[in-house]
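J.: What follows is a protein structure lacking sequence information:
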């Protein structure tokens, strides 16, 4: 595994803080109705992405996830301005404003979505891994899902085939405790999700998803296992989300005291504490980073605000291959 150095921690702090503030800004503009539809924020789960990025080969390995998908493409190199523009429904967005919050894509950066159907991305992730295996490409696919998705039948069908065919894929469950508003304890007879991998005889283990170091170590082992042609792994990242499932979630299923307890192990705070304790940077240095992050987020918002909405014609061009649109009976204005 690549060494975890002073620079690693400083980069983690920069990235994780930016992702958090980026999501906070989206929450603010959502209330102003500048972002519409569903909005699922990643606050609290940043260590999972930070550790994963450290372990994977960016530009080579692939990533696919569910609908909590705004910051992953940014981590892989997508311009955050374009991501925010997509959420604003603007033509400069990653999907020209037609995908929105749950459908961020970047083929160039090997980020394959953003999927609104619970568990829908799981067989797709295995399919991409099969494609890489078939064409003898030395890539590994990281396939993420929430704890609610593991109750889908498609997961079990996929785990069976992935093991049978020894596909180069790492399945990652981001267990934030709740499938929408239903706790893990209410959906299964056991709460150790990682043990599902035992039934398919694949490497599986629980991971502290609030610690980027723990994530990086577990992901590195799983990625190297897959790259060596030994097949898939199944990891349960035990994490937490500080906001509701989506912006419409009143969060009646948990107490404020529970959320505050988890804030004591906020991954960004823990990384900051390590930086200060080990003298990797001073508080003044971190204050400069904080200001830079605030400026970057403001630039993203300005870009999204000033970008144009897509032309109506684009919606038809994205759906129909034929230029005469034979199924449309009214005039396009």
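T.: In hand now; what should we look at? From a predicted model like this one, the values you see are computed outputs, not experimental measurements.

J.: For the stretch 101-250 of the chain, which segments are assigned as helices?
T.: Secondary structure of the stretch 101-250 of the chain (DSSP state H, counting those that start in this stretch): helices located at 121-134, 153-164, 212-227.

J.: Which strands or helices does the first one pack on?
T.: When contacts are defined as 3 or more CB pairs under 8 Å, 6 or more residues apart in numbering; DSSP states H and E, helix 121-134 packs onto strand 62-64, strand 141-146, helix 153-164, strand 169-175. Backbone N, C-alpha and C define where each C-beta goes, glycine included.

J.: which ones are touching residue 318?
T.: Residues counted as contacts of residue 318 (CB atoms under 8 Å, 6 or more residues apart in numbering) are 96, 98.

J.: and it, that's in a strand?
T.: No - according to DSSP: H, G, I helix; E, B strand; the rest coil, the state of residue 318 is helix, so it is not within a strand.

J.: what about it, distance to residue 111?
T.: 19 Å (CB to CB, to the nearest Å).

J.: re the thing from before, and of the helices of the stretch 101-250 of the chain, who's closest to residue 191?
T.: When the helices of the stretch 101-250 of the chain are compared by CB to CB, helix 153-164 sits nearest residue 191, at 16.6 Å.

J.: who's in contact with the closest one?
T.: So helix 153-164 is contacted by 119-120, 122-123, 125-126, 129, 145, 149, 167, 169, 171, 196-197, 199-202, 231-232, 234 (CB under 8 Å, 6+ apart).

J.: Same question for stretch 195-210.
T.: Residues outside stretch 195-210 that contact it (CB under 8 Å, 6+ apart) are 45, 47-48, 150, 155-156, 159-160, 162-163, 171, 174-175, 192, 194, 214-215, 218, 221-222, 225, 231-240, 265-267, 270.

J.: Could I have the PyMOL command that selects the buried members from these?
T.: The buried residues among these can be selected in PyMOL (16 or more other CB atoms under 10 Å) with this line:
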select buried, resi 45+47+48+150+155+159+162+163+171+174+175+194+214+215+218+221+222+225+231+232+233+234+235+236+237+238+239+240+266+267+270
